[in-house]
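[1] Here's a sequence, model it:
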Amino acid sequence: MRIGVAATPDVATPTLDWLLHSEHEVALIITQPDRPAGRGRMLQQSIVGDWAQKHQIPTLKPANPQELIGHIEELDLVLTIGYGVLLPESILSLPKIGFLNLHFSLLPAYRGAAPAQRALHNGETVTGVTVFKLDKGMDTGPIYTQETLPIDPTWRSFELLQQLAHLGPKVVERAFEMIANQELPREQVGVASIAAQNK
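    Below is the predicted model:
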């Protein structure tokens, strides 16, 4: 498949590295616009932007989702990983299969921007990752694959995120196999909760 990846943070890197060496083509990287950083407030691109530059993959840094029009229609799908932008249905429908998301919780638990942090804060003993199809809601779409992870109570949030990030390739590969076999995702069931970012 011809894949686009919409991602910003370093948790996307294990899955990007796997995709690069898979049978799939990483045709486009979409990441957040460059931001001022450091003492000099110099513009810096995201970690995913650096990754795309290193591997010479075409990159888009749209200031708003409408700028994706004309760039993603020929892709089979776009995989989002911590992209940080809620996309409208008009954009989600552009790739042939749509958009998938790698989310760092066992949905429907901990929908939102900070699932690993909230799971730790709430003393959870198990979490995991979910690959699901994006729809107009916030992390509400049907699920392709999930993988659980026991939480070590000594982990800090960045350590938990590292562990979850390394589960990414396995669940994304299984989701892509389901799509190739024309298997449909299942609706989310269970108690939904929200993992909002700290203000």
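[2] thinking Ile143 is in contact with Val129, fair?
    No. Using CB atoms under 8 Å, Ile143 is not in contact with Val129; the gap is 10.9 Å. For the C-beta atoms, the positions are set from N, CA and C on the backbone; glycine is no exception.
[3] Just want to know which of the two has more residues nearby.
    Higher neighbour count among Ile143 and Val129: Val129, with 27 against 19, using other CB atoms under 10 Å.
[4] Quick check: beta-bridge partners of that one?
    Here Val129 sits in beta bridges with Glu147, as judged by DSSP bridges.
[5] Who are the contact partners of it?
    Neighbour list for Val129: 102-106, 146-147, 149, 164, 167-168, 171 [criterion: CB atoms under 8 Å, 6 or more residues apart in numbering].
[6] Glu159 too?
    Going by CB under 8 Å, 6+ apart, Glu159 touches Asp152.
[7] Quick check: which element contains it?
    Using DSSP states H and E, Glu159 sits within helix 157-165.
[8] Tell me the first helix or strand C-terminal of that helix.
    Immediately after helix 157-165, counting by DSSP H and E, sits helix 168-180.
[9] How far off centre is stretch 69-86?
    The chain centroid and the centroid of stretch 69-86 are separated by 10 Å under CA atoms, centre = their mean, to the nearest Å.
[10] Equivalent analysis for stretch 26-40, please.
    Counting by CA atoms, centre = their mean, stretch 26-40 is centred 16 Å from the centre of its parent chain.
[11] Help me confirm that Phe99 comes into contact with Leu92.
    Yes. With contacts counted by CB under 8 Å, Phe99 reaches Leu92, the gap being 5.0 Å.
[12] Looking only at neighbour counts, state which of these two leads.
    Phe99 (24 against 18).
[13] and for Phe99 and Leu92, which residues touch both?
    With CB under 8 Å, 6+ apart as the test, Phe99 and Leu92 both reach Leu134.
[14] residue ranges with poor pLDDT in this structure?
    198-199 (pLDDT under 70).
[15] partners of the host helix or strand of Thr80 in the sheet?
    Thr80 belongs to strand 77-81 when assigned by DSSP H and E. If you go by DSSP bridges, strand 77-81 pairs up with strand 2-7 (parallel), strand 98-103 (parallel).
[16] show me the contacts for the residue positioned nearest the centre of the chain.
    The C-alpha lying nearest the average C-alpha coordinate of the chain belongs to Ile81 (CA atoms, centre = their mean; 1.6 Å). The neighbours of Ile81, taking CB under 8 Å, 6+ apart as the test, are 5-7, 9, 11-12, 15, 101-102, 168.
[17] got it, and Gln188?
    By CB under 8 Å, 6+ apart, the residues touching Gln188 are 107-108, 132, 140-143.
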